[in-house]
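Asks: sequence first, predicted coordinates after that:
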Number of protein chains: 2
Amino acid sequence: MAAPPVPDTATRQRLLEVAGEVFAEQGFRSATIRDICARAGANVAAVNYHFGDKERLYLAVLEHAHSTALGRYPPDLGTTGDSSAEERLRAFVRSFLLRMLDEGVPAWLGKLMAREMIEPTAALDGLVERVMRPLFVQLVGIVEELSGAGTDPERVRLCAKSVVGQVLFYRHAQECLRRLEPAEPRDSERIERLADHVTIFSLAAIRGMSKDGSKAPRSKAGRQR
Amino acid sequence: MAAPPVPDTATRQRLLEVAGEVFAEQGFRSATIRDICARAGANVAAVNYHFGDKERLYLAVLEHAHSTALGRYPPDLGTTGDSSAEERLRAFVRSFLLRMLDEGVPAWLGKLMAREMIEPTAALDGLVERVMRPLFVQLVGIVEELSGAGTDPERVRLCAKSVVGQVLFYRHAQECLRRLEPAEPRDSERIERLADHVTIFSLAAIRGMSKDGSKAPRSKAGRQR
DNA sequence: TGACAGTTCAAACGATCGATTGATACAAGC
DNA sequence: GCTTGTATCAATCGATCGTTTGAACTGTCA
């Protein structure tokens, strides 16, 4: 009886893509429907017609972007069922970097995710459960295998966070790095170099920590005040 | 001859502190002068009277917050002139974490910095040159000493970025972590644990990488499409 | 052709924003 | 007492925001 909820897709699709750019550039609150519609060549009323309101447009953008990015760069990209943990770690790091930094993922996904992490909207809860938690669990599995059986689960999770932190740094600190180190090579080549470094650095750390229990540089310093 | 440019400081000081909270919560553009003035118990015209306009209030907030934070938690906190590189690394990591996460630095400094990195305003250029670059140079010096003389300077810088990335992760991903791992201990104790992990992890990585040249897990995988 | 659902449009609504204005209160200097 | 400079206030301006409205246009099926 009811008509299909999403019949026409021409204007709707343009809005979805343009809105991604604009939300990534300006943030949810500062982005204006007028700007989005103008860039999409649509009327101001188009957003309210196709998505109901501004917030539901934003949710649709996040959904659309993530299914695109995870389809293009899956976290086990290039590995097979019997790949070693080292290979799977590198694939995880590399695909993660690609999703965050590569142009054409769409290009604004990384920026949009960074925004959502710093300035959460109601969409973050769903994002954590549907996207981030599965990815993190997968990474914890890899690190666990690298650490050897019997390693303290808390330390495994800390190491996994160290890996994620290194990757996210190149997204979150992008504008700072652009000012700190103006000359950087082409993007695709740079991403491969970063993936190499993060993988080697993390492997050396995990192996080194597994060898000797957990020797700290004795925090005799600090703790004052 | 001219009167001192900042004679009274009662309202001005309250505005400075309240504005920090509000800018950290809402971001520069979404924060409103009305909200700031209301929380500070001042009239809407107070900001324009004391600071000229909204943007110069924002600059004053950043300036004020950083001089406070670096004074409270200097990057060589707890070390002396003849401390080892390991001790200086731990002091750097720990004070960095404290500046980003500790309540009462002021508490909103970390959030404000995270925002400025993701959504840069005109203030970021000055921030990079006056705050971030000196800190990064200092860290590079520590990592260089740990890596041993003759290490590729590019790799030293990459390792320094890996350290910074791990620390910033706990600030930038705070809202995600709160959803991923709801139960977390008291803040001050947690910061010490994080400082321990980041230091140990990074030391193991730097030492492990220095031992064997730079063996990657052979990126035979990936690279397709 | 005519009816109808889907889509687009110009125009307007009420709300809220940053900034300005002119009046006022207060204290110090002469 | 009078002037001067600092500080605060209520009131208001013009601009811009998200959203709504009702008419116009499109294609399809009877």
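Replies: Here it is on my side, so go on. Residues are numbered from 1 along each chain as shown, chains lettered A, B, ... in the order given.
Asks: could you look up the SS state of the residue most central in space within chain A?
Replies: Centroid-nearest residue in chain A, with Cα atoms, centre = their mean: residue A:100, separated by 5.0 Å. Following DSSP: H, G, I helix; E, B strand; the rest coil, we place residue A:100 in the helix state.
Asks: what about the helices in chain A?
Replies: For chain A, helices defined by DSSP state H occupy the ranges A:10-26, A:33-39, A:46-51, A:54-72, A:85-101, A:109-118, A:123-127, A:133-147, A:153-172, A:174-180, A:187-211.
Asks: quick one: closest of the ones you listed to residue B:164.
Replies: helix A:153-172 (6.4 Å; Cβ to Cβ). Heads up, the C-betas are built off the backbone N, CA and C, glycines and all.
Asks: what is the neighbour count of residue A:126?
Replies: Residues lying near residue A:126 (other Cβ atoms under 10 Å in any protein chain shown) number 12.
Asks: which residues touch stretch A:107-120?
Replies: Applying Cβ atoms under 8 Å, 6 or more residues apart in numbering or on different chains, the contact partners of stretch A:107-120 are A:20-21, A:23-25, A:27-28, A:61-62, A:65-66, A:68-69, A:99-101, A:123-124, A:127, A:168, A:171-172, B:27, B:111, B:114-115, B:118-119, B:172-173, B:175-176.
Asks: and these, which are buried?
Replies: A:20-21, A:23-24, A:27-28, A:61-62, A:65-66, A:68-69, A:99-101, A:123-124, A:127, A:168, A:171-172, B:27, B:111, B:114-115, B:118-119, B:172-173, B:175-176 (16 or more other Cβ atoms under 10 Å in any protein chain shown).
Asks: can you list the low-confidence ranges for chain A?
Replies: A:1-8, A:212-225 (pLDDT under 70).
Asks: what residues does it put near DNA strand D?
Replies: A:31, A:32, A:33, A:34, A:35, A:44, A:45, A:47, A:48, A:53, A:54, A:55 (Cβ under 7 Å from any atom of the strand).
Asks: mind running it again at 10 Å?
Replies: Counting by Cβ under 10 Å from any atom of the strand, the residues of chain A close to DNA strand D are A:22, A:26, A:28-38, A:43-49, A:51-58.
Asks: write the PyMOL selection for whichever of those are buried.
Replies: Applied in PyMOL, the following selects the buried portion of the residues of chain A next to DNA strand D according to 16+ other Cβ under 10 Å:
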select buried, chain A and resi 22+26+28+31+33+36+37+46+47+51+54+57+58
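Asks: now residue A:77: closest residue in space that isn't a chain neighbour?
Replies: Spatial nearest neighbour of residue A:77, excluding adjacent residues (Cβ to Cβ, 6 or more residues apart in numbering or on different chains): residue A:95 at 4.4 Å.
Asks: next one: residue A:164
Replies: Closest residue in space to residue A:164, ignoring its immediate chain neighbours: residue B:169 at 6.4 Å, by Cβ to Cβ, 6+ apart.
Asks: equivalent analysis for residue A:96, please.
Replies: Residue A:96 sits nearest to residue A:167 (Cβ to Cβ, 6+ apart), 4.9 Å away.
Asks: give the contact list for the one you found.
Replies: So residue A:167 contacts A:93, A:96, A:97, A:100, A:198, B:165 (Cβ under 8 Å, 6+ apart).
Asks: now the last one: how far from DNA strand C?
Replies: Distance of residue B:165 to DNA strand C, given as Cβ to the nearest atom of the strand, to the nearest Å: 33 Å.
Asks: that residue: neighbour count?
Replies: Residue B:165 has 25 nearby residues by other Cβ under 10 Å.
Asks: OK, contacts around it?
Replies: If you count contacts by Cβ under 8 Å, 6+ apart, residue B:165 has them with A:165, A:166, A:167, A:168, A:169, A:170, A:173.
Asks: which of those residues lies closest to residue B:187?
Replies: Residue B:187 has its nearest neighbour among the contacts of residue B:165 in residue A:165, at 18.6 Å by Cβ to Cβ.
Asks: ok, for that closest one, nearest residue in space, not its chain neighbours?
Replies: In this structure, residue A:165 finds its nearest non-sequential neighbour in residue B:169, 2.9 Å apart by Cβ to Cβ, 6+ apart.
Asks: show me the contacts for that neighbour.
Replies: Contacts of residue B:169 by Cβ under 8 Å, 6+ apart are A:161, A:162, A:164, A:165, A:168, A:169.
Asks: same deal with residue A:147?
Replies: A:155, A:156, A:159, A:206, A:209, A:210.
Asks: nearest spatial neighbour of it, skipping sequence neighbours?
Replies: Residue A:147's closest residue in space is residue A:210 (Cβ to Cβ, 6+ apart), at 5.2 Å.
Asks: columns distance to residue A:76 on top of the contacts of residue B:169, output as CSV?
Replies: Shown next, in CSV, are these (distance: Cβ to Cβ, whole Å):
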residue, distance to residue A:76
A:161, 20
A:162, 20
A:164, 16
A:165, 21
A:168, 19
A:169, 23
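Asks: from residue A:117, how far out is the residue nearest to residue A:165?
Replies: 10 Å (Cβ to Cβ, to the nearest Å).
Asks: which of the contacts of residue A:147 count as buried?
Replies: A:155, A:156, A:159, A:206, A:209, A:210.
Asks: tell me the one of those residues nearest DNA strand D?
Replies: For these, the minimum distance to DNA strand D (Cβ to the nearest atom of the strand) is 41.8 Å, reached by residue A:159.
Asks: for stretch A:103-121, C-alpha coordinates in PDB please.
Replies: These are the backbone C-alpha positions of stretch A:103-121, laid out as PDB (Å, rounded to 0.1, in the frame of the first residue of the first chain):
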ATOM      1  CA  GLU A 103      41.500  10.100  -1.200                       C
ATOM      2  CA  GLY A 104      38.500   8.700  -2.800                       C
ATOM      3  CA  VAL A 105      37.200   6.400   0.000                       C
ATOM      4  CA  PRO A 106      35.300   8.900   0.000                       C
ATOM      5  CA  ALA A 107      38.100  11.300   0.800                       C
ATOM      6  CA  TRP A 108      36.200  13.000   3.600                       C
ATOM      7  CA  LEU A 109      35.500   9.900   5.700                       C
ATOM      8  CA  GLY A 110      38.600  10.200   7.800                       C
ATOM      9  CA  LYS A 111      37.900  13.800   8.600                       C
ATOM     10  CA  LEU A 112      34.300  13.100   9.400                       C
ATOM     11  CA  MET A 113      35.300  10.200  11.800                       C
ATOM     12  CA  ALA A 114      37.800  12.400  13.500                       C
ATOM     13  CA  ARG A 115      35.200  15.000  14.100                       C
ATOM     14  CA  GLU A 116      32.700  12.500  15.400                       C
ATOM     15  CA  MET A 117      35.300  11.300  17.900                       C
ATOM     16  CA  ILE A 118      36.100  14.700  19.200                       C
ATOM     17  CA  GLU A 119      32.600  16.200  19.000                       C
ATOM     18  CA  PRO A 120      30.300  13.200  19.400                       C
ATOM     19  CA  THR A 121      26.800  13.300  18.200                       C
END
